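Novice: how would this look folded up:
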Amino acid sequence: MTLAAAVLDALKSRGWMATAAESCTGGMVMAALTDVPGSSAVVDRGFVTYTNAAKQQMLGVSAATLNAHGAVSEEVAREMAAGALRHSDAQVAVAITGIAGPGGSEHKPEGRVCFAIATETTPPVSETVEFGPLGRDKVRSAAAEKALTLLQIAANTA
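Specialist: The predicted model follows:
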C-alpha cells in the first residue's frame, strides 16, 4: 500500500475530509492523494499558493506575518493551515512552504521546508525540516512525503 493510500484509509476511518495548502510542492500532495481511486471520499480541495499574494488572498495569511517572518516560516505555515481549514469543508489541513532550490540564502537555505498541520479541534502545529541542497525535485518529493505522513499521523491520533 502506498503512503497516499494509507493516508486515505486513515482519513476514511475517521470520517474526515482533508485539504492542503501548498507552496513549494505546487500541488504534489493533492496529486498523490487523488492518484488513488476513491480519494473523492476524503479529499475536499487543495490550495496552491505559490506567491505571497496568493497566500493572503486564498488563505488569509497576514501581510504582517509575511513581512515579519517571510513566506518560509513556521508562522506562515500555521496561518496557511488555519486558512485552508477556514476556506474548506475539511477537518484536517496540512500546509507546506519552503525553498526547494536552487538558491536560498544564509538565513533560509535551500532545502528548508516549514510544515503545519491543523484539525478542526486543534490549533496548527508546525515544524521545520532541513532537507538540505538535494536538488529541487528531491526536496519537493521529500516535502510532499512528509506532508502525507503528517496527515496520516493526524488522522490516526487526533
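Novice: how would you label the residue nearest the centre of the chain: helix, strand or coil?
Specialist: Nearest residue to the geometric centre of the chain (Cα atoms, centre = their mean): residue 95, 2.4 Å. With DSSP: H, G, I helix; E, B strand; the rest coil as the basis, residue 95 sits in strand.
Novice: again, but for residue 20
Specialist: strand.
Novice: Contacts only, for it.
Specialist: 29-30, 46-47, 84, 93-96, 147, 151 (Cβ atoms under 8 Å, 6 or more residues apart in numbering). Heads up, the C-betas are built off the backbone N, CA and C, glycines and all.
Novice: Same check on residue 39?
Specialist: 8, 33.
Novice: just residue 96 next, same as before
Specialist: So residue 96 contacts 20-25, 29, 77, 113-115, 143-144, 146-147 (Cβ under 8 Å, 6+ apart).
Novice: hmm, back to that, determine which two of the contacts of residue 20 are furthest apart.
Specialist: 47 and 151 (14.7 Å; Cβ to Cβ).
Novice: Looking at the two now, which is surrounded by more residues?
Specialist: Neighbours were counted for residue 47 and for residue 151 using other Cβ atoms under 10 Å; residue 151 has more, 28 against 22.
Novice: From residue 7, how far off is that one?
Specialist: Per Cβ to Cβ, to the nearest Å, residue 151 is found 5 Å from residue 7.
Novice: what's the overlap in contacts for the two?
Specialist: Common neighbours of residue 151 and residue 7 (Cβ under 8 Å, 6+ apart) are residue 18.
Novice: how much space between residue 89 and residue 127?
Specialist: 26 Å.
Novice: all strands in this protein, in order from the N-terminus.
Specialist: 18-22, 43-48, 92-98, 112-119, 122-130 (DSSP state E).
Novice: burial measure for residue 153, as a count.
Specialist: Around residue 153 there are 13 residues (other Cβ under 10 Å).
Novice: Quick check: pLDDT value at residue 104.
Specialist: Predicted confidence (pLDDT) for residue 104: 83.
Novice: what's near enough to touch it?
Specialist: The contact partners of residue 104, by Cβ under 8 Å, 6+ apart, come to 110-112, 133.
Novice: Just put the residues you listed in JSON lines and tack on distance to residue 58 and neighbour count.
Specialist: Formatted as JSON lines, these follow (distance: Cβ to Cβ, whole Å; neighbours: other Cβ atoms under 10 Å):
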{"residue": "110", "distance to residue 58": "26", "neighbour count": "20"}
{"residue": "111", "distance to residue 58": "25", "neighbour count": "22"}
{"residue": "112", "distance to residue 58": "23", "neighbour count": "23"}
{"residue": "133", "distance to residue 58": "29", "neighbour count": "16"}
